[in-house]
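> Structure here, sequence nowhere to be found:
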């Protein structure tokens, strides 16, 4: 958890610097827009954090009891629960992106390109339940080193290089599409 939190700070730092280095005329708008999109995504992921906390003891106890079928059953149950908990919010955010963004940036006029970037950024939200549940499962069954390695490699080996390189070729759009792909 600590590693992921620290790496999220690194991730945001790299993204903000990538936007700043693009030399955009509306740099402040681009920075504010990404910050708003990221905050909305973080808010929408809140159910995952609660499910992760509940899933760990369920998986850990069943793993300790050598009931591996229940461990996998719990994994899929919590993954599906996360998917269905975030699906309504994800749908609302995608149906009303301008309204959603206006909650964070009330005086900003959004371009069609920004709305598309926001939708692309939010595209993976319901499917992150599989990732978050997996990141919770592995430490509960004694695989915390693998979890740390996955978290570090995702951020340092994939995210940071993509966030530095993609904007050079695709501009701000590279940040949203790159985040979604990763």
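Looks like it came in fine. A quick note: this is a predicted structure, and the numbers were derived from the prediction, not measured. Numbering: from 1, shown residues only.
> Every contact and neighbour count from this point should use C-alpha atoms.
Will do.
> Tell me where the chain has helices.
Using DSSP state H, the helices assigned to the chain run over residues 2-21, 27-44, 46-64, 68-95, 97-104, 112-122, 128-140, 144-152, 160-170, 173-181.
> For residue 96, which residues are in contact?
Going by Cα atoms under 8 Å, 6 or more residues apart in numbering, residue 96 touches no other residue.
> State the pLDDT value of it.
Looking at residue 96, its pLDDT is 97.
> Over to it: give its phi and psi.
Dihedral pair for residue 96: phi -120, psi 60, per degrees, to the nearest 10.
> Can you tell me how far residue 153 is from residue 16?
As judged by Cα to Cα, to the nearest Å, residue 153 and residue 16 stand 20 Å apart.
> Have a look at those two and say which one is more surrounded.
Between residue 153 and residue 16, residue 16 has the larger neighbour count (other Cα atoms under 10 Å), namely 19 against 13.
> so who does the nearest residue to the more buried one once chain neighbours are set aside touch?
Of all residues not flanking residue 16 in the chain, residue 31 sits nearest, at 6.4 Å (Cα to Cα, 6 or more residues apart in numbering). Listed by Cα under 8 Å, 6+ apart, the contact set of residue 31 reads 16, 19, 20.
> can you check residue 182 too?
Residue 182 neighbours (Cα under 8 Å, 6+ apart): 154, 158, 159.
> Can you give me the distance of it to residue 130?
For residue 182 relative to residue 130 (Cα to Cα), the value is 14 Å.
> again with residue 179
Counting by Cα to Cα, the gap from residue 179 to residue 130 is 17 Å.
> Looking at this protein, which residue reaches furthest from the middle?
Of all residues in the chain, residue 65 has its C-alpha farthest from the mean position, at 32.7 Å, by Cα atoms, centre = their mean.
> about what we covered before: make TSV out of the contacts of residue 31 and add distance to residue 70 and pLDDT.
Output for the contacts of residue 31, formatted as TSV (distance: Cα to Cα, whole Å; pLDDT from 0 to 100):
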residue	distance to residue 70	pLDDT
16	43	90
19	46	89
20	48	87
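> Just send those residues back as CSV, with distance to residue 69 too.
CSV is the format used below for the contacts of residue 31 (distance: Cα to Cα, whole Å):
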residue, distance to residue 69
16, 44
19, 46
20, 49
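> on that earlier part again, looking at the contacts of residue 182, spot the one nearest residue 82.
The closest of these to residue 82 turns out to be residue 154 (Cα to Cα; 21.2 Å).
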